[in-house]
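> Show me how the following folds:
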Amino acid sequence: MSGELAEIQDEDAWPALPDLPPGVDGARLVRIRQIQAQAISDGTRKIYKREWARFVAFCNEAGADALPAHPLTVCSYFQTAAADGRDEQGTPYASNTFNGWLAAIDKMHELAGQERPSRNPDVSATMAGLRRSNGGELRQMPALLLEEMCTLVGRIDINSFPTGIHGVRDYAIIVMGFAGAFRRSELASLLIGDVTFHEQDGLHVRVRKSKTDQENRGRTKALPYGSTPTTCAVCAYMRWLTVTEAISQERPRPKAMKLLTGM
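Sure, this is the predicted structure:
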């Protein structure tokens, strides 16, 4: 049982660990498990725990084993969800929801040294049939269009005090997020030190960690100058820097008020 497995489910529910090989004592095994636990992010681990508990509850009610699960038990699980299940909005589960459920089941089997159920022909055929008949294309939120983004930022108060201080910040986050196609988590983790000015490219934004970069290698995104001040990420960021500088000086209130009213 790996470190991730122990984190996701109570150890008493799993087979006992095999005898340790020479040179590996209990203390060393703990350190190894701590390293292995870092292979899965906290957010992903929570999702796996939630979805695995859902599957275990189904198996308990059906009197079937959850680990290892019989391929037809997995098929029955998804067939039942497709026939009777609804999401929180009351609509049928989409195929990408089922894909997430199966990923959790696969991961738990993998961590326990068992074959991934998704590799079984019955399971893969069932999932393919559900994609055609139930979920169809992946359900995605519609992209924010440029006109909609302009309308959104146009309603932000950037001129009054103290509301305008937060408005200038929010304006910069929205325009930069639009220009760089950032994830919400990426924007939330940005620091001023992650952004540098570039004469040709506009802004270079260092993304230290993202959902698609679990090993924290990081990457840099270039945000070009916009065609108008309204849509220019560089302009929005410069306004925010100017405001933060004003409120960090002595007597910040009059300086910030004068600055905001001139924007």
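
> all helices for this protein, in order.
For the chain, helices defined by DSSP state H occupy the ranges 3-8, 26-37, 42-62, 71-84, 95-111, 121-130, 146-154, 163-180, 184-188, 233-247, 252-261.

> Serialize those to CSV and add fields for mean pLDDT and distance to residue 199.
In this view, the C-beta of every residue, glycine as well, is placed from N, C-alpha and C. As requested, the helices of the chain are exported to CSV (pLDDT from 0 to 100; distance: least, C-beta to C-beta, whole Å):
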stretch, mean pLDDT, distance to residue 199
helix 3-8, 49, 46
helix 26-37, 77, 43
helix 42-62, 90, 37
helix 71-84, 90, 54
helix 95-111, 87, 42
helix 121-130, 91, 51
helix 146-154, 89, 25
helix 163-180, 92, 17
helix 184-188, 85, 24
helix 233-247, 91, 11
helix 252-261, 80, 25
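
> I'd like those helices as JSON lines, with mean neighbour count and distance to residue 201 appended.
JSON lines is the format used below for those (neighbours: other C-beta atoms under 10 Å; distance: least, C-beta to C-beta, whole Å):
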{"stretch": "helix 3-8", "mean neighbour count": "20", "distance to residue 201": "40"}
{"stretch": "helix 26-37", "mean neighbour count": "12", "distance to residue 201": "38"}
{"stretch": "helix 42-62", "mean neighbour count": "15", "distance to residue 201": "31"}
{"stretch": "helix 71-84", "mean neighbour count": "18", "distance to residue 201": "47"}
{"stretch": "helix 95-111", "mean neighbour count": "19", "distance to residue 201": "34"}
{"stretch": "helix 121-130", "mean neighbour count": "16", "distance to residue 201": "43"}
{"stretch": "helix 146-154", "mean neighbour count": "13", "distance to residue 201": "20"}
{"stretch": "helix 163-180", "mean neighbour count": "20", "distance to residue 201": "11"}
{"stretch": "helix 184-188", "mean neighbour count": "13", "distance to residue 201": "18"}
{"stretch": "helix 233-247", "mean neighbour count": "19", "distance to residue 201": "9"}
{"stretch": "helix 252-261", "mean neighbour count": "16", "distance to residue 201": "27"}
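
> Could you pull up the residues touching residue 170?
residue 156 (C-beta atoms under 8 Å, 6 or more residues apart in numbering).

> so who does the spatially closest residue to residue 48 that is not a sequence neighbour touch?
Distances taken as C-beta to C-beta, 6 or more residues apart in numbering place residue 104 nearest to residue 48, at 4.4 Å, with adjacent residues excluded. For residue 104, the contact set (C-beta under 8 Å, 6+ apart) comprises 47, 48, 50, 51, 52, 55.

> swap in residue 58?
With the criterion set at C-beta under 8 Å, 6+ apart, residue 58 makes contact with 77, 80.

> and if you look at residue 118?
Neighbouring residues of residue 118 by C-beta under 8 Å, 6+ apart: 102, 105, 106, 124, 127.

> Which pair of the residues you listed spans the longest distance?
Greatest spatial distance in these: 105 and 124, 13.0 Å, computed using C-beta to C-beta.

> circling back: can you put the contacts of residue 118 in CSV and add distance to residue 236?
Formatted as CSV, the contacts of residue 118 follow (distance: C-beta to C-beta, whole Å):
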residue, distance to residue 236
102, 41
105, 44
106, 43
124, 47
127, 44
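
> who touches the closest residue in space to residue 154 that isn't next to it in sequence in this structure?
Of all residues beyond its chain neighbours, the one nearest residue 154 is residue 230 (7.5 Å), with distances taken as C-beta to C-beta, 6+ apart. For residue 230, the contact set (C-beta under 8 Å, 6+ apart) comprises 150, 153, 154.
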